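Asks: Okay, here's the prediction I keep looking at, along with the sequence it came from:
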Amino acid sequence: MHNSKEKKILILGATGLVGSNLYNFLKEQKLQVYGTYFKNKKKNHFKFDVFKDKLDKLKIINEITHIIFAFAINKKLDDVERNFKIENKFNYKKTIALLSECNKKKIKVLYISSDAVFDGRKGNYFENSKTNPINKYGKIKVRVEKHIQDNLHSFLILRVSKFLSLKKKDNSLIFQIINSVKKNKKSSFAFDEIFSPIFVEDFCNGVFSLIQNNKKGIFHLNSINKISRYNLAKKISSYLKISNRIKKCKINSLNLIAKRGLNMNLNSRKYDSMFKIKKKSLEK
C-alpha cells in the first residue's frame with residue numbers, strides 16, 4: 001500500500017471545467033498533482049485517451065495514490081439519451097476497466113457522480129437514500145457507483161448537481177444564463193425543477209478536505225441547498241438589471257428528450273457537519 005503521507009494525485013480529464021480547476025487548486029495546496037489531456041494539449045500534463053489507453057501507459061502510475069475521475073462529468077442528459085450505446089460503451093464499460101486497474105494497483109478512487117441517481121420525487125436526498133434514476137445518464141452513474149461499492153476497498157463517491165463558476169472561460173450555468181438573457185428579449189427558465197448547485201471553488205475545497213483527512217464513502221456536496229433555474233436566473237438578471245427578460249415555465253414544456261426529476265436537491269449535512277461548513281448566500 002502507498003504511504004498515505006505521500007499523496008500523489010492523478011486527475012483523469014484535467015482540462016475540463018472541473019478537472020482544470022481541481023488541478024490548479026490542489027497545486028496551490030502544495031499537493032503533488034498530475035493531470036491528463038486528450039485533445040487540448042496542456043503543459044506539464046500527460047496525453048491520455050481514457051477510452052483506449054490503459055493506466056500503465058503513464059510513467060508515473062505506480063507512484064499514484066489517488067485518481068480523480070473528472071472526465072465526462074458535464075454530459076448533457078439529452079445527448080446521453082440519444083447516444084446511449086456509445087455512452088454505455090465508453091462512459092460505463094471503459095470506466096469500469098479503469099476502476100479495475102486502480103483496484104489492482106491499490107489506488108484510491110474519487111468518482112464524481114450526480115444527483116441524477118435519484119428520481120426527483122421527494123428531494124432532500126441523503127447519501128443512503130434509495131437510488132432510482134429516470135434517465136440513462138443517471139442509470140450509468142448508478143451502475144458505476146454500485147461497481148465501486150461492490151469491488152473497491154478505498155473510494156470516494158461525490159454526488160453533485162450543476163457546477164457554477166464565476167470564470168467566464170468555464171462557461172458554467174451562470175454564464176449560460178447571462179448569455180441567454182442578453183441575447184434574447186425573453187428567456188424561459190423552469191421554476192419546478194429544484195436542484196443543489198455547487199460553485200467549483202467549493203467543490204475543490206471539498207475534494208481537498210476529504211483527501212487530506214483520509215475520508216472514504218459517499219458524500220453529497222453543494223453550495224446552495226436548493227434553487228430552481230428560474231430563481232437563479234432571476235437573481236442573476238436582477239443583478240444585471242435586466243430582470244424583465246425572463247419568464248417562468250415548466251421543465252416538461254421545453255421538449256427535452258431525457259426525463260427530469262423535479263425535486264433533485266441533495267442534503268449535504270454529512271459533509272457540512274464534518275467540516276463545519278457554513279453556507280453563504282447566493283448573493284454573497
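Replies: Arrived safely, thanks for sending.

Asks: So which residues of the stretch 1-150 of the chain form strands?
Replies: Here the stretch 1-150 of the chain has its strands, by DSSP state E, counting those that start in this stretch, at 8-12, 32-37, 46-47, 66-69, 108-114.

Asks: among those strands, which is nearest residue 179?
Replies: The minimum distance between residue 179 and these falls on strand 108-114, with 23.9 Å, by Cβ to Cβ. Glycine gets a C-beta too; all of them are placed from N, C-alpha and C.

Asks: So which elements touch that closest one?
Replies: The helices and strands touching strand 108-114, judged by 3 or more Cβ pairs under 8 Å, 6 or more residues apart in numbering; DSSP states H and E, are strand 66-69, helix 95-104, helix 136-151, strand 155-160, helix 200-212.

Asks: Just the C-alphas of that strand, formatted as CSV.
Replies: C-alpha atoms of strand 108-114 as CSV (Å, rounded to 0.1, in the frame of the first residue of the first chain):
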residue,chain,number,x,y,z
LYS,A,108,-7.8,5.2,-4.1
VAL,A,109,-10.6,6.3,-6.4
LEU,A,110,-12.5,9.5,-6.3
TYR,A,111,-15.5,9.3,-8.6
ILE,A,112,-17.7,12.3,-9.3
SER,A,113,-21.3,11.2,-9.5
SER,A,114,-24.6,13.1,-9.9
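
Asks: Direction included, what does that strand pair up with?
Replies: Sheet pairing of strand 108-114 (DSSP bridges) gives strand 66-69 (parallel), strand 155-160 (parallel).

Asks: now the angle between helix 95-104 and it, please.
Replies: Inter-element angle recorded for strand 108-114 and helix 95-104: 150 degrees (by axes from the mean of the first three to the mean of the last three Cα atoms, to 10 degrees).

Asks: Kindly calculate the angle that strand 108-114 makes with strand 8-12.
Replies: Taking the same axes, to 10 degrees, one finds strand 108-114 and strand 8-12 inclined to each other by 40 degrees.

Asks: now strand 108-114: how far from the chain's centre is it?
Replies: 9 Å (Cα atoms, centre = their mean, to the nearest Å).

Asks: Mind checking the helices and strands packed on strand 108-114 for the one nearest to residue 117?
Replies: helix 136-151 (4.9 Å).

Asks: what's in contact with the closest one?
Replies: 75, 77, 80-81, 84, 87-88, 91-92, 95-96, 99-100, 103, 109, 111, 113-114, 116-118, 131, 133, 155, 157, 218, 258 (Cβ atoms under 8 Å, 6 or more residues apart in numbering).

Asks: Stretch 25-36 now?
Replies: Residues contacting stretch 25-36 (Cβ under 8 Å, 6+ apart): 6-15, 19-20, 23, 42, 44-48, 50, 58, 60, 64, 201, 204-205, 207-208, 211.
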